[in-house]
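K.L.:
The sequence and its predicted three-dimensional model are supplied below.
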Amino acid sequence: MLNKFPLWKYLLVLVVLVVGILYASPNLYGRDPAIQVSGTKGTDADLSVLDKVNATLKEHNVTVKSSKLEDGQILVRFKNVEDQLKAQDLLRDSLSEDYISAINMAPAQPEWLKALGGNPMKLGLDLSGGVHFTMEIDMATAVDTQLEQMEQDFKSDLREEKLRYRTIRRVAGSERLRVEMRNEEDKDAAERFLSTRYPLNVYIDDSSSDNAFYASMSEQKLKEIRDYAIKQNETIIRNRINQIGVAEPNVQRQGAERIIVQLPGVQDTARAKEILGATATLEFREVDEDADPSAALQGRVPPGTEVIMARDGYPVVLKKRIILEGSHITGAQSGMDEYQRPQVSISLDSKGGAKMNAFTKRAIGKRMATVFIEYKPSGKTDENGKALPPIKVEEVINVATIQARLDRSFRITGIDNPAEAHNLSLLLRAGALVAPIQIVEERTVGPSLGQENIEAGMTAVVLGFAFVLVFMLVYYKGFGMVANIALGANLVLIVGVMSLIPGAALTLPGIAGIVLTVGMAVDANVLIFERIREELADGRSPQQAVHFGYDSAFSTIFDANITTLIAAVILFAVGTGPIAGFAVTLAIGIITSMFTAIVGTRAVINLFIGGKRIDKLSI
Amino acid sequence: MQILKLGGKTLPFMKFRKFAMTLSTLLILASFVSFFTKGLNFGLDFTGGTAVEVGFAQPADLKKVREAITASGFEDFSVQLFGSSKEILVRLAPQGDGVKAEVIGNQIIDALKQTDSSVEMRRIEFVGPSVGEDLKEQGGLAMLTALICILIYVAFRFEWRFAVGAVSALLHDVIITLGLFSILDLEFDLTILAAILAVIGYSLNDTIVVSDRIRENFRKVRIDDTIEIIDISLTQTLNRTLVTSITTILVLIALFVWGGQTIHGFATALLFGVFIGTYSSVYVASAVAIAMGVSKEDLIPEVIEKEGADLDPMP
């Protein structure tokens, strides 16, 4: 029998449609401006924190829509954005450092939908407002730092081995060290020693004829350094984002040396940039007690040391050798010691602890300086338009006397006042980057523009959709109605699928993609209906016309859609941000429209005419 | 209802193919002349630099805005109204020495706030020169990859002559759309690139539908004249071509008029691209296939399958 579907096909269409509607429905409930309070160091927020939050907000007359504790996090919903921002300021001041309050647009769908995994579509930055950064890591500096470390390591290793070197220095303009020994024998011994000590990391080149050889880092080591630099920057950026307070940040790597940061819904974009853009590293260095700072300032710097100015403006002579890099710091907390004097407690990772231990066991009574190094973008570019490395600015932020053998956790005392202690702890905690980072791309969208974009996009979708519906109804009558139902179902399915895919975000170009899909989705039906008309004109019966119309249009529709899909996939692979958003909606739209236009319309038509005697089609 | 009631008549499309080819060649030449003399007005995405969009409570005084920006030490910038008299767009060329890129946007806004406290930040975009270069490279690569993949697919599904026809039509559309942007000095940014790739998809859609029908008629219709078969196929698909173009143009008009300033360029590129794409799928693709010498014999071998198909219900 022509034009009859087996039951399972009707059911399939029905199930797909119901699931589509189910997962599209959370979008109808919108989102509430909200604040999410969570613990910073693995601690969970509990009822006492919830009480405190509620009390603080009540005290300042901030209207709360709802507040609840769930999975160790507190979610407070507000009626409007003003209340939300006011509350964030209040909570930032009143809660201890153990908790952070992040702004959030919390989905407002009912619990049962949430339990089924139904969430509204994520909004792209151009719709939600917020900041997008691309940050580039300066790998040259990362390698430089390591090379310096290698130079220091070689010196101390050779000294310990009693192999006397004449000079170890960096070959200018290359990533190699030149090690010159006293004689041939020492040279051979040093080569043997270093290549067994660093078998994987160091490549030794002994092509020069004198008593010197060259050492460079192996490819593997260089790769390690780069990997580490990017990983570390990523971690540090994530930590800094906690300070900004955004609930759904997106931090991801792009290529070998870039990191993308997206902060949706941030209102104070200037502050966000300040926090993210600060690039700093820390080093602990030994103060050279024998040197005279004022003489050093005039140029008489003892070998192996350098002069760095302290924050308060006096010079400090420091040994070049770094005791410990800031990257080993895992935490820093300001507070008071038992005599109510301000202090900063620092904790290190195990490797850092070992280094600190080794150094301090023979340095009790000596002074240790904390050097804060900032990299400020030079703003200059070379002839190829590539940004030149940033300028290094060093500053001693603290000098402390080592009182005892230190380990993984220790304290710096003797700080003038609590504010300074707090500041120092922040600087320490901000982490220390092995490689400086700079912002190479920024796209900030203010909240008002985001809202306008949503409204404009929705208007365009609604009107464009309405135009097509009217046109199809007038042009194809009854069959046009069927195509319109399919178009509606298609829209629901696109929204449903977009809501289900975790990574997909709706952007303004994405809305344009949906609008375009609406226009193009009818194409499949137009192809089918025109075929049916042709078959009718050729004198076939209505039932046969429908059957052959669908049949022969199928391969055309398939080919045409596959090629558009190719274009969409390539757009997705190459494009970032908004462009990828466009590609995603286009691709989803193509697939869902094939289903609704071919299977969906056929189901409806079969339901109406299948197995009946039909003399005329409304087409 | 039907747009064209032809009553079984065949329209002699290919009679005008010489004229169409001349027209297309002229348009392509004009585009190239414009590329080489005026070039493309590359947007921020590709050139690098900073753009700041701000909104005022009342119509903006551009002169005062320019003075305020000059006063805070910026050179080489432009100020224009954006969308309405209350919104302005400030563009700055990539800045020179010692400027921290991420603060430029805020400096501009601070400067403007001093002239008028109602200033509100709407958008800041900064693209570093190296990123701009990368995007340009990626964009070109995307376009090329798309064309090559499509060429392979069409060659695989149809016949190499059709593939060449289809890709010529796509190149034709891309070049002329880019030409329009160059001649009218419209800004070419990433969203326009996306629009052009969508045009590729759309135009291809059209071309495939036509080619599919030509292939079918080569097998079905007992006429040996290639040109006549192509004319018959184009006539048969004409209604569909027009209906789909109309629905697409309807939604694009909605996007163009109500979609907001940000996707104005996008809608422009697509609107124009759909016109060109519709034209090229009728004339360029088929005419190139004819010029390459496509004929009935090329498509005969696979003749059996469709005619003998059963009457199974088929989605």
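P.N.:
The structure has been received and is ready for your questions.
K.L.:
Could you use CA atoms for every contact and neighbour count after this?
P.N.:
Will do.
K.L.:
quick one, longest helix in the chain?
P.N.:
With no chain named, the answer covers chain A. Using DSSP state H to define each element, chain A has its longest helix at helix A:447-500.
K.L.:
hm, I was asking about chain B
P.N.:
Max-length helix for chain B by DSSP H is helix B:226-258.
K.L.:
roughly how far is it from the heart of the chain?
P.N.:
Mean-position distance between helix B:226-258 and its chain equals 16 Å (CA atoms, centre = their mean, to the nearest Å).
K.L.:
Show the average pLDDT along the next helix or strand after it.
P.N.:
Downstream of helix B:226-258, the first helix or strand assigned by DSSP states H and E is helix B:264-282. The pLDDT scores in helix B:264-282 average 89.
K.L.:
Kindly provide the distance from the most centrally placed residue in chain B to chain A.
P.N.:
Taking CA atoms, centre = their mean, the centroid of chain B lies closest to residue B:196, which sits 2.9 Å from it. Going from residue B:196 to chain A by CA to the nearest CA, to the nearest Å gives 10 Å.
K.L.:
Now do the helix or strand encompassing that residue against helix B:226-258, angle only.
P.N.:
Using DSSP H and E, residue B:196 sits in helix B:190-220. Orientation check (axes from the mean of the first three to the mean of the last three CA atoms, to 10 degrees): helix B:190-220 against helix B:226-258 gives 150 degrees.
K.L.:
So for helix B:190-220, what gets flagged as buried?
P.N.:
Across helix B:190-220, burial judged by 16 or more other CA atoms under 10 Å in any protein chain shown covers B:190-219.
K.L.:
Please compute how far it lies from its chain's middle.
P.N.:
13 Å.
K.L.:
Report all helices and strands that that helix contacts.
P.N.:
With contacts taken as 3 or more CA pairs under 8 Å, 6 or more residues apart in numbering or on different chains; DSSP states H and E, helix B:190-220 sits against helix A:542-574, helix A:577-594, helix B:129-157, helix B:160-183, helix B:226-258, helix B:264-282, helix B:296-299.
K.L.:
between the ones you listed, which gets nearest to residue A:21?
P.N.:
helix A:577-594 (13.3 Å; CA to CA).
K.L.:
ok, which stretches of the stretch 201-350 of chain A are strands?
P.N.:
Along the stretch 201-350 of chain A, counting by DSSP state E, counting those that start in this stretch, strands occupy A:202-205, A:212-217, A:250-254, A:258-264, A:280-287, A:305-309, A:315-325, A:329-336, A:342-348.
K.L.:
Quick one: closest of those to chain B.
P.N.:
Nearest of the strands of the stretch 201-350 of chain A to chain B, taken as CA to the nearest CA: strand A:258-264 at 10.2 Å.
K.L.:
per-domain residue ranges of the chain.
P.N.:
Because you didn't say which chain, this covers chain A. A:7-26+A:447-609, A:31-108, A:140-222, A:280-430 (automatic domain parsing).
K.L.:
other chain: chain B
P.N.:
Split into domains by automatic domain parsing, chain B comes to B:13-41+B:131-302, B:49-127.
K.L.:
Now do the shortest one: distance to the chain's middle.
P.N.:
So the one you mean is domain B:49-127. Centroid separation for domain B:49-127 versus its chain: 30 Å, with CA atoms, centre = their mean.
K.L.:
same question for that domain, mean pLDDT?
P.N.:
Mean pLDDT, computed over domain B:49-127, is 83.
K.L.:
Endpoint to endpoint, it covers what distance?
P.N.:
5 Å (CA to CA, to the nearest Å).
K.L.:
and if you look at stretch A:496-509?
P.N.:
Counting by CA to CA, you get 18 Å between the two ends of stretch A:496-509.
K.L.:
buried stuff in it?
P.N.:
Residues of stretch A:496-509 classed as buried: A:496-500, A:504-509 (neighbour count, 16+ other CA under 10 Å).
K.L.:
can you check stretch A:564-574 too?
P.N.:
In stretch A:564-574, counting by 16+ other CA under 10 Å, buried: A:564-572, A:574.
K.L.:
Identify the residues contacting that stretch?
P.N.:
A:579-581, A:583-584, A:586-587, A:590, B:138-139, B:142, B:145-146, B:149-150, B:194, B:197-198, B:200-202, B:204-205 (CA atoms under 8 Å, 6 or more residues apart in numbering or on different chains).
K.L.:
I'd like to know how far the nearest residue to residue B:28 once chain neighbours are set aside sits from chain A.
P.N.:
Of all residues not flanking residue B:28 in the chain, residue B:176 sits nearest, at 5.9 Å (CA to CA, 6 or more residues apart in numbering or on different chains). Using CA to the nearest CA, one obtains 19 Å as the distance from residue B:176 to chain A.
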